[in-house]
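**Q** could you look at this predicted model? Sequence included:
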Amino acid sequence: MAHQFLIKEQYLVVDPENSEKYIISVKGDEFLNSVSGVTFGPFIQGPLIDITPTKTLDDKFEEWWKLYPRTGSWETEDKKKYISSRNLKNLKKEKAKEKYLALLNQKLSHEELIGGLKYEIKLKKLDSVKTNSNKMEYFKGMESYLNSQQYLNFMEEFRANPGFVDDTHDIKGRKLNVKDI
């Protein structure tokens, strides 16, 4: 009965790497630390969230919300436009915030979630320029993105090559500095 309460209150959450197991959430770890003075983090398997004092959870969500593309439309620095009519932010902001904060509570790193999102966006835009067709058209809507856990693949790619999201790439003689439109 007690474990059901801990799950309901999000002190225990499903392990993102093994859905048959539960792990202590960030909220649960903070609670344990506050009542016992002992840090349990090192005894827990899996990545721990890095909570920086300058960024609140609201700040982290806002950063992620602003980064997530509104539509699949965008243009390169040399004004080549790729148009899409799809609305990718298909969740109300409060629902999206709830789902995003749940990911952070599962000890997924904000920096890696942001990095994975940037990685996927950049990859699709690079592929669009290479093939001359808008690959952002196939970007998942926000609800599907959060529910399908596809971000885990791109988080892995980001971990392996974090510089990719900051590098400017040259394709067909054009620098690919892009912006959403």
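**A** Thanks, I have it.

**Q** relative to Ser133, how far out is Tyr82?
**A** Distance from Tyr82 to Ser133, counting by Cβ to Cβ, to the nearest Å: 8 Å. Any C-beta I mention is one placed from the backbone N, CA and C, and that applies to glycine too.

**Q** and the two? Which one has more around it.
**A** Tyr82 (21 against 11; other Cβ atoms under 10 Å).

**Q** residues touching the more buried one, list them.
**A** Residues near Tyr82 by Cβ atoms under 8 Å, 6 or more residues apart in numbering: 72-75, 125, 128, 134, 136.

**Q** want to throw those into a markdown table with secondary structure?
**A** A markdown table is the format used below for the contacts of Tyr82 (DSSP: H, G, I helix; E, B strand; the rest coil):
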| residue | secondary structure |
| --- | --- |
| Gly72 | coil |
| Ser73 | coil |
| Trp74 | strand |
| Glu75 | strand |
| Lys125 | helix |
| Ser128 | helix |
| Asn134 | coil |
| Met136 | helix |
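
**Q** quick one: low-confidence ranges for the chain?
**A** 1-3, 35-54, 167-181 (pLDDT under 70).

**Q** the residue nearest the centre of it sits in which helix or strand?
**A** Central residue of the chain (Cα atoms, centre = their mean): Leu113, 2.9 Å from the mean position. Under the criterion of DSSP states H and E, Leu113 resides in helix 110-131.

**Q** any idea how far the residue nearest to the centre of the chain lies from Pro69?
**A** Separation of Leu113 from Pro69 (Cβ to Cβ): 15 Å.
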